[in-house]
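Asks: Sequence below, structure please.
(one chain, ligands or ions: 1)
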Amino acid sequence: MAQVKLEHVTKRYDDVTAVDDMNLNIRDGEFVCLVGPSGCGKSTTMETIAGLTIPTEGEVWIGDREVTNLPPKDRGIAMVFQNIALFPHMDVYDNISFGLRLRDYPKDEIDKRVERASDIVQLEEMLERMPDEMSGGQRQRVAIARAIVRQPDVFLMDEPLANLDAKLRVHMRTELQRLHKELDTTIVYVTHDQAEAMTMSDRIAVIDGGELQQIDPPLVCYNEPANLFVAGFIGSPSMNFVNGTVTDGQIESKNFSVAFDPAMVDGIGPGDDVTVGIRPEDVYPVDESGGLAHPTAEIHARSDVLEPMGDEIFAYLLLGDGDTSMSQEAATDDQLLMSIEPDSNMQEEDDVSVVLDRRKIHLFDDATGDAITHGLVDVTGGDESTGAPAETDD
Ligand code: ADP
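Replies: Below is the predicted model:
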């Protein structure tokens with residue numbers, strides 16, 4: 001076990017800055033996912049930890065050693081990649097033990113380690129199988145067992161589940177969490193799939209444009225995203241965003257306004273432009289909003305497209321004149337995605353009235369994209385009215 005630390009790590013390729021002044025502190029025994037869109041610098045970050053890439057600037061630490069310029073074999077790490085390279089002519093036992101045999105470990109020790117690793121990944125009955133007799137998931141487990149027998153201080157995994165089908169991927173997520181619990185080892189895991197990151201990580205490091213945007217537990221990234229990028233990237237379907245302007249005690253947007261208590265929200269004043277964010281599950285049809293302590297005033301809309309998912313329905317609403325032929329930015333002001341109960345009798349083209357949960361409204365600074373506040377209501381204080389600003393507190 002060991003902590004992993006990146007200090008001001010930058011990696012430039014000619015005119016591309018793949019990683020830009022990255023500071024990361026991954027704790028001993030932690031499971032951290034590096035997540036972000038394709039090309040954001042996740043793999044390059046991982047490669048600097050692995051020693052496959054030497055950073056242009058900055059330092060990499062594993063445990064209490066600076067390893068910036070050490071080769072991978074001297075870093076106490078084991079890697080598992082998306083493309084599993086098993087030796088096709090070797091059975092599972094030989095594949096798992098290959099590295100140990102190469103290093104002349106005693107037979108007893110090899111047997112012991114293979115037995116434990118195959119037990120952890122549940123391959124103990126398959127040690128004599130050949131790779132072509134196994135499923136994709138089983139082959140991936142062989143690759144993981146091969147990493148386990150090395151007894152590394154840190155596991156580095158780069159999209160190890162990307163080639164598996166959707167069902168197996170979900171199953172393997174659970175297996176990896178179990179593995180983490182069992183081994184109690186630091187795991188750094190690269191994925192572009194925010195759902196994978198949400199379900200497995202102790203903390204998620206969200207990366208965009210080579211820069212770390214936020215590193216926090218999954219639910220903190222979800223409920224308190226540091227900026228617009230994280231808010232839009234974490235959560236599926238994505239958060240709704242609407243342009244707004246601050247007036248005295250209100251955020252005015254094209255089709256609705258939202259009351260807030262200026263004393264509760266620092267850093268904005270009348271005339272400021274903000275982006276209002278609300279997740280689909282925090283938008284409610286008026287007749288299902290009875291239990292909501294802090295709804296906005298009613299917003300009138302028309303249901304456009306309904307997508308039944310089985311356990312919920314995604315309702316795409318058009319607001320105002322609903323003119324979606326306008327520019328993309330303007331069009332988002334006229335659309336709202338809402339998640340509703342699966343037994344709702346809403347039909348496409350219905351006129352509907354909805355409210356937003358004011359406790360779940362996020363405001364972002366238009367200029368910087370940084371979050372200003374999460375929630376427009378002081379949930380510790382007395383405001384139980386509809387749409388009215390809270391009277392007290394900050
Ligand atoms: P991700 O893993 O998030 O998809 P990468 O770390 O692979 O992103 O790449 C980040 C950026 O660095 C991309 O723009 C990519 O094209 C560039 N890049 C990565 N490796 C190299 C390389 N060896 N040479 C030049 N550019 C590279």
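Asks: Leu337 is in contact with Phe314, isn't it?
Replies: Yes: applying Cβ atoms under 8 Å, one finds Leu337 in contact with Phe314, separated by 6.1 Å. For every residue, glycine as well, the C-beta is placed using N, CA and C.
Asks: So for those two, which sits in the more crowded spot?
Replies: The neighbour count for Leu337 versus Phe314, taken as other Cβ atoms under 10 Å, is higher for Leu337 (20 against 15).
Asks: Show me which residues of the stretch 1-150 of the chain sit near the ligand.
Replies: Taking Cβ under 6 Å from any ligand atom as the contact definition, the stretch 1-150 of the chain meets the ligand at 13, 16, 18, 36, 38-44.
Asks: now the residue lying closest to Val9 once chain neighbours are set aside, what's its secondary structure?
Replies: Nearest non-adjacent residue to Val9, counting by Cβ to Cβ, 6 or more residues apart in numbering: Gly58, 3.5 Å away. Put simply, Gly58 is strand when judged by DSSP: H, G, I helix; E, B strand; the rest coil.
Asks: what about Met200, neighbour count?
Replies: By other Cβ under 10 Å, 22 other residues sit near Met200.
Asks: can you pull the pLDDT of it?
Replies: On pLDDT, Met200 comes in at 94.
Asks: swap in Cys40?
Replies: 96.
Asks: Tell me how many other residues crowd the closest residue to it other than its chain neighbours.
Replies: Setting aside the residues directly before and after it, Cys40 is nearest to Ile207 in space (Cβ to Cβ, 6+ apart), at 4.8 Å. If you count neighbours by other Cβ under 10 Å, Ile207 ends up with 27.
Asks: ditto for Asp351
Replies: Using other Cβ under 10 Å, Asp351 has 8 neighbouring residues.
Asks: and if you look at Leu52?
Replies: Residues near Leu52, counting by other Cβ under 10 Å, number 15.
Asks: Quick check: it is in a helix.
Replies: No: Leu52 is assigned coil when assessed by three-state DSSP, not a helix.
Asks: quick revisit: tell me, what's touching Leu337 and Phe314 both at once?
Replies: In terms of Cβ atoms under 8 Å, 6 or more residues apart in numbering, Leu337 and Phe314 are both contacted by the residues 237, 280.
Asks: before we move on, the earlier item: contact partners for the residue nearest to Val9?
Replies: Counting by Cβ under 8 Å, 6+ apart, Gly58 makes contact with 6-10, 21-22, 68.
Asks: what's the spacing between it and the ligand?
Replies: Going from Gly58 to the ligand by Cβ to the nearest ligand atom, to the nearest Å gives 15 Å.
Asks: Could you identify the pair within the residues of the stretch 1-150 of the chain next to the ligand that is furthest apart?
Replies: Greatest spatial distance in these: Tyr13 and Gly36, 17.5 Å, computed using Cβ to Cβ.
Asks: which of the contacts of Gly58 has the most neighbours?
Replies: Counting neighbours by other Cβ under 10 Å, the top entry in those is Val9, with 26 neighbours.
Asks: May I ask which helix or strand encompasses that one?
Replies: Val9 belongs to strand 4-13 when assigned by DSSP states H and E.
Asks: re earlier: what two of the contacts of Gly58 are the furthest from one another?
Replies: Using Cβ to Cβ, these span at most 15.0 Å, a distance reached by Asp21 and Thr68.
Asks: Pick out the residue of the stretch 51-200 of the chain closest to the ligand.
Replies: Closest approach of the stretch 51-200 of the chain to the ligand (Cβ to the nearest ligand atom) occurs at Val190, with a separation of 6.4 Å.
Asks: about what we covered before: from the contact counts, what lies against the helix or strand hosting the residue nearest to Cys40?
Replies: Here Ile207 is covered by strand 203-208, with elements defined by DSSP H and E. In terms of contacts (3 or more Cβ pairs under 8 Å, 6 or more residues apart in numbering; DSSP states H and E), strand 203-208 is packed against strand 31-35, strand 211-216, helix 218-223, helix 228-233.
Asks: Just send those back as JSON lines, with mean pLDDT and mean neighbour count too.
Replies: Converted to JSON lines, the helices and strands packed on strand 203-208 look like this (pLDDT from 0 to 100; neighbours: other Cβ atoms under 10 Å):
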{"stretch": "strand 31-35", "mean pLDDT": "98", "mean neighbour count": "26"}
{"stretch": "strand 211-216", "mean pLDDT": "98", "mean neighbour count": "20"}
{"stretch": "helix 218-223", "mean pLDDT": "97", "mean neighbour count": "18"}
{"stretch": "helix 228-233", "mean pLDDT": "96", "mean neighbour count": "22"}
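Asks: With distance to Ser118 added, can I get those in JSON lines?
Replies: Listed next are those as JSON lines, based on distance: least, Cβ to Cβ, whole Å:
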{"stretch": "strand 31-35", "distance to Ser118": "22"}
{"stretch": "strand 211-216", "distance to Ser118": "34"}
{"stretch": "helix 218-223", "distance to Ser118": "30"}
{"stretch": "helix 228-233", "distance to Ser118": "37"}
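Asks: in its sheet, what does the strand holding Ile207 sit against?
Replies: Note on strand 203-208: by DSSP bridges, its sheet partners are strand 31-35 (parallel), strand 211-216 (antiparallel).
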